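1. Quick one: sequence and predicted model below, then my questions.
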Amino acid sequence: MKDKEYVKINCGALSESLLESEIFGHEKGSFSGAVSQRKGLFEIADNGTIFLDEINSMPSSLQVRLLRILQGQSFFRVGGTKPIIVKVRIIAATNKDIEKEVKEGRFREDLYYRLNVVRINIPPLRDRPDDINLLINHFFHKYSPDRKLMLHEESLRNIHDYHWPGNVRELENAIHRALIMTSDNIIMIGRLPIETNRGTNLNATLQSYLKDKQSFKSIITDIEKKLLEEALRNNNYNQSKTADYLSMNRRLLYSKIKEYSIIIKHK
């Protein structure tokens, strides 16, 4: 099977009707717009492998049909009356706690046990930071194979500091957007979409403060220092620009830099 067809579909990316047609195919005239017969992914993947990503998003009606395929290795195209017999290897992935989905009735228990033959648990990206650099280089090569690229030191540090709730896919999208936005070979943090996740980062930071049971004054002091350090980095440590950036009196900024012993990096 390893040398045969490999097909992939994201079960959470399509409506129920489109997903059904994509997976099982359809006959000509079976619905409005079905102007010709079309093979589904199971038929295309015959003697090969089909990858069902985010299978937890598959509607209940299609879960039943998938279970029948696993049991009998046959199915019908949408609008069809002739069974299609296939032999496929199924790989399924979920982005949610599948046992919880089963317990709460959103995923069929019988289908879960049919699929759960060999299980591989992949930890979230935040728990395997050693993979981040490898993934970044992979995405550089994937989206811009002819350029010699590297991340700026500050950008790399911020990427490692972020907890990536969207895991590898979120990292890939971040790198992809960064490459679209610049023709430079050194990718800067200002060109990465990390700022779009500030709400998530802020919430996680606040929860961390509350968990540590710090005093209100120490929390405010720590946040103020981090804000100033971030603003200085974004303005290449130019103190006048940073003061304007924060709509802050320059003397107050100089005083805060001294108070918090913030190191100014000259460039």
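-> Done, it's in.
2. Every contact and neighbour count from this point should use C-alpha atoms.
-> OK.
3. what stretches of the stretch 101-250 of the chain score poorly on pLDDT?
-> Residues of the stretch 101-250 of the chain meeting the criterion pLDDT under 70: 188-214.
4. What are the boundaries of the strands in it?
-> 150-151, 186-187 (DSSP state E, counting those that start in this stretch).
5. The first one: partners in the sheet, and parallel or antiparallel?
-> Pointing back at strand 150-151 there. Counting by DSSP bridges, the strands paired with strand 150-151 are strand 186-187 (parallel).
6. Can you give me the separation between the nearest residue in space to K82 that is not next to it in sequence and W164?
-> In space, and not counting its chain neighbours, K82 is closest to F76: 6.3 Å by CA to CA, 6 or more residues apart in numbering. Distance of F76 to W164, computed by CA to CA, to the nearest Å: 40 Å.
7. Could you pull out the buried residues of stretch 119-127?
-> 125-126 (16 or more other CA atoms under 10 Å).
8. whoops, I mixed them up, stretch 230-246
-> 231-234, 237-243.
9. what's the straight distance from one end of it to the other?
-> For stretch 230-246, the first-to-last residue distance is 11 Å (CA to CA).
10. Begin at 892, not 1, for the rest of this chat.
-> Okay, residue one is now 892; in that scheme the one you just asked about reads as stretch 1121-1137.
11. still on that earlier bit, quick one: the strands of the stretch 992-1141 of the chain as TSV, columns for distance to K919 and mean neighbour count too.
-> TSV is the format used below for these (distance: least, CA to CA, whole Å; neighbours: other CA atoms under 10 Å):
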stretch	distance to K919	mean neighbour count
strand 1041-1042	51	18
strand 1077-1078	50	18
